[in-house]
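Participant: Let's see this in three dimensions:
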Amino acid sequence: LEAVHYHLETTKPALLFLTETQISSPADTSFLHYPGYKLEHRFLPRAGVCVYVREDICSRRLDHLEGRDLSVLWLRVDSDDHPRVYACLYRSHGGNTDTDQLMELVQMGTDSVFEQIPSAEVVVLGDFNAHHAEWLGSRTTDHAGRSVHDFALAYVLTQLVTSPTRIPDVVDHLPSLLDLLLTTHPDSYLVSVDAPLGSSDHCLIRTTVPISRRFRSQPIGLRRVWHYRSADWDRMRSFYASYPWGQVCFNLDNPDAVADSIADVVLQGMELFIPSTMVPSGGRSRPWFGRSCKIALRYKRECYRAWAEALAAGDHNSSALKMKYNSASRSFKRVIAKAKSEHVASIGEKLVRLPSGTRAFWSLAKAVQGNFCRPSLPSLRREDDSLAHTAKEKADLLVSLFASNSTLDDTGYSPPKIPGGDTFMSEIQFIQRSVRKVLLSLDVNKSSGPDGIPP
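Facilitator: Alright, predicted model coming up:
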């Protein structure tokens, strides 16, 4: 503990992750704290992980992604052009079943992060205790090594640690690479391996990544829908009240940069405490694409990558892997078809339960039919024979056509003079009592208009 505190005092890292802490969760963790840092922990006997977070770092614990008896800690950090989500883990020397449970939990957490925060960088780090001859340069390949390698391939993660990280104190034991850092954004990372802290037999891994603030970009073809009714307003107010505005936003000389920084912080608070989903801007959402579809898609991608690697290496087993991929592809199609069928059936059941003509009935019926996203105007042809497909392209084309027809030569004719009228409309009065009477007479459970005809 003294070595850890000394490292925090002298180096002042933004984040310090520790694995295999071997601390039973104490009732009082004050003796572990260090001034200027916040401690997040998942302490377990003979296992456990924790992280020291510097106070000027905007972070949030994602404990809903963590298991009860597994050494996994999820942390979100917002201090760059994209949020970083860290998963720190420790894999104990258990059986294959424990390894599968741990990796499945990490996979589910990664899926959830990508679904909720499409622009996030995912960093998975820790003591994996995994061996892989080709990938990590180990002497052998074990089940854990294959599982971690498959996970990295499935999510396109790059492993950045290249030097041995465990220095055994037994003469016959060789150094090995057990501590890994996997990331979806490997560019500009600087990774080095230093001597262990204190009496640990695992080396200290230092990583440096530049922080640059850029404009936030919206994923093409997607729009974000905020669920304000599920927002945590109290924690959001606390987040804004405790945020280091002066250090992050108001130390810049450019007013535009200050405004961009403030907007980024406001958006960070919204992303942290207001649930949201990304839906296609064209209305082509896929509510039927659930967990079974994601698992089938991930398995299909894993089979394809295994076959592609074997084919590139000239492996004689590539034919069998190709058959495995074809089987996974057909299985994926069946899962998709089943999910769509079940989704349509569930909508039918909802429509049957809802009273005909009610607002909820027509709202669901219109959503199913795509009544609000189906274009009422077909594609228009321009003078150069190209087509205008989007609503903006059609509007621009119609505006230009209207403008060209509205600027014809008047050939010297003056517009006609229209004589004024002698009659005037009487003054219209809106009396509160009359308006209230009309409003109270409306049936709020009906979606039809005054003519009684439903839409």
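Participant: Specify the helix with the largest residue count in the protein.
Facilitator: Using DSSP state H to define each element, the chain has its longest helix at helix 318-353.
Participant: and that one, what does it pack onto?
Facilitator: helix 291-313, helix 359-369 (3 or more C-beta pairs under 8 Å, 6 or more residues apart in numbering; DSSP states H and E). From N, CA and C alone the C-beta is placed, and that goes for glycine too.
Participant: Same list, the ones you listed, but as CSV with distance to Ala133, mean neighbour count and mean pLDDT please.
Facilitator: Below are those laid out as CSV (distance: least, C-beta to C-beta, whole Å; neighbours: other C-beta atoms under 10 Å; pLDDT from 0 to 100):
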stretch, distance to Ala133, mean neighbour count, mean pLDDT
helix 291-313, 14, 16, 82
helix 359-369, 53, 15, 69
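Participant: how about JSON lines for the ones you listed, with distance to His149 added?
Facilitator: JSON lines is the format used below for the helices and strands packed on helix 318-353 (distance: least, C-beta to C-beta, whole Å):
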{"stretch": "helix 291-313", "distance to His149": "10"}
{"stretch": "helix 359-369", "distance to His149": "43"}
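Participant: out of these, which comes closest to Thr11?
Facilitator: Across the helices and strands packed on helix 318-353, Thr11 has its closest neighbour in helix 291-313 (38.3 Å, C-beta to C-beta).
Participant: can you give me the angle the closest one makes with helix 318-353?
Facilitator: 160 degrees (axes from the mean of the first three to the mean of the last three C-alpha atoms, to 10 degrees).
Participant: Residues contacting helix 291-313, please?
Facilitator: 107, 111, 150, 153-154, 317-318, 321-322, 324-325, 327-329, 331-332, 335-336, 339 (C-beta atoms under 8 Å, 6 or more residues apart in numbering).
Participant: Would you mind giving me the PyMOL syntax to select the buried ones in those?
Facilitator: Burial among the contacts of helix 291-313 is assessed by 16 or more other C-beta atoms under 10 Å; the matching PyMOL selection reads:
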select buried, resi 107+111+150+153+154+318+321+322+324+325+328+332+335+336+339
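Participant: thinking again about what came up before, which of the helices and strands packed on helix 318-353 sits closest to Gly420?
Facilitator: Distance to Gly420, taken as C-beta to C-beta, is lowest for helix 359-369 among these, at 46.5 Å.
Participant: Skip ahead from the closest one and say which helix or strand is next.
Facilitator: Next in sequence after helix 359-369, counting helices and strands by DSSP states H and E, comes strand 380-381.
Participant: Just checking: what are the partner strands of that next one?
Facilitator: With DSSP bridges as the test, strand 380-381 is paired with strand 387-388 (antiparallel).
Participant: which residues in the stretch 151-300 of the chain form helices?
Facilitator: In the stretch 151-300 of the chain, helices defined by DSSP state H, counting those that start in this stretch lie at 233-242, 245-248, 255-273, 291-313, listed in chain order.
Participant: Give the residue spans of the stretch 351-455 of the chain that score low on pLDDT.
Facilitator: 364, 366-378, 407-408, 443-455 (pLDDT under 70).
Participant: what's Phe31 in contact with, if anything?
Facilitator: Leu1.
Participant: quick one: it and Asp111, what's the gap?
Facilitator: 37 Å (C-beta to C-beta, to the nearest Å).
Participant: what does Pro419 give?
Facilitator: Going from Pro419 to Asp111 by C-beta to C-beta gives 73 Å.
Participant: what does Pro416 give?
Facilitator: Relative to Asp111, Pro416 is positioned 69 Å away (C-beta to C-beta).
Participant: what sits opposite Leu18 in the beta ladder?
Facilitator: As assigned using DSSP bridges, the partners bridged with Leu18 are Cys50.
Participant: Would you map the helices across the stretch 1-150 of the chain?
Facilitator: 2-11, 96-116, 133-136, 143-154.
Participant: what's the first one packed up against?
Facilitator: If I follow you right, that is helix 2-11. Packed against helix 2-11 by the contact rule (3+ C-beta pairs under 8 Å, 6+ apart) you find strand 15-19.
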